[in-house]
Structure formats: structure tokens, C-alpha cells
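Colleague: I would like to see how this sequence folds:
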Amino acid sequence: GFSFEKCDFETDLCKPLHELNLQHGWIRRNGRSAMGPPYSDHKGNDSAYFLSLSSQMRSSSAALRTNVFLPTDEEHVCQITFHYWISQMNGTLMVGLQKHSEDTITNIWQVSGELQNQWKANTVIVNSTEKYEV
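Modeller: Numbering: from 1, shown residues only. Here you go, the predicted structure:
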């Protein structure tokens, strides 16, 4: 059957993300944090938490990795929907796929150079015949 896991940041990192993999640069905050926009989550809730890059991270990159997912097939499709906010023109947000037999990360989606200052949603569908991380 179809099952999905909702992932928010109200208590901590959500289960699909490595707990210890919140690399330096990512912070968990909400709209009341006095850190600038966004001032609410994608539903307009100013007390709901989301992950944000700290302002000290302007020149480098930071990653979030999922746990290991099992291979996909006709019955087991992996679909990931996420909400994002871009407040810098020079930033690039990428979604990558790393299969366990490969050292490289394959870029499967990216957005850059659009200063939206609004929440947008995107869905990626992952196909992999072996275990993988996103």
C-alpha cells in the first residue's frame, strides 16, 4: 500500500534525516527567531520550526542527508515533497542521489538565481535499483 512519513522539525530533526548530520551551517528555527525572513512556515505559522542556513554560511555549502532508503520498483516508488524558501540570489539548492555502489552524488533537481522570498514546493521522484541516500 501507499505509505508516507510526514517530516517536520517541531521536536527535532525528522526521522528520514540523520540526527547527527545537521552539519554546521544548518539551524532549526521558526519565524519568531528575529533572524529575518521567513517569518513563518509554508502554512503561515510563525511558531512552526524549519531548517535555515545561518547567515555566517554565505560563502560555503551545507548538506542534509537522508537515512538509507531501500531500492525502488514498480510497487515501491519514492516520492519526496519539500518546501523551500530562497532569500539570496547567489544561492543554489540541489537535491542529489547517491546510490550505494557509487561514490558520486547525481544531481536530480536544482534551483538557483531566483529571489522569490516566498515558500515554494517541489516534488522529486527517485528511482534506484539499489539502496540509496538523498
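Colleague: quick check: domain ranges of the protein?
Modeller: 8-61, 65-133 (the TED database).
Colleague: confidence-wise, which of these is weakest overall?
Modeller: For the domains of the chain, the weakest mean pLDDT is recorded on domain 8-61, namely a mean of 81.
Colleague: that older thread, redo the domains of the chain as a markdown table? Include mean neighbour count.
Modeller: Using the backbone N, CA and C atoms, a C-beta is placed for each residue, glycine as well. Below are the domains of the chain laid out as a markdown table (neighbours: other Cβ atoms under 10 Å):
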| stretch | mean neighbour count |
| --- | --- |
| domain 8-61 | 14 |
| domain 65-133 | 13 |
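Colleague: residue boundaries of the strands in this protein?
Modeller: Residue ranges of the strands in the chain, as given by DSSP state E, are 26-30, 49-53, 78-84, 92-99, 106-112, 120-126, 132-133.
Colleague: redo these as TSV? Include distance to residue 14.
Modeller: Conversion of the strands of the chain to TSV gives the following (distance: least, Cβ to Cβ, whole Å):
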stretch	distance to residue 14
strand 26-30	11
strand 49-53	10
strand 78-84	11
strand 92-99	16
strand 106-112	19
strand 120-126	16
strand 132-133	15
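Colleague: and these: which comes nearest residue 71?
Modeller: strand 132-133 (7.6 Å; Cβ to Cβ).
Colleague: counting by contacts, list what the closest one packs against.
Modeller: strand 92-99 (3 or more Cβ pairs under 8 Å, 6 or more residues apart in numbering; DSSP states H and E).
Colleague: list the pairing partners of the strand it packs on within its sheet, with orientation.
Modeller: strand 106-112 (antiparallel), strand 132-133 (antiparallel) (DSSP bridges).
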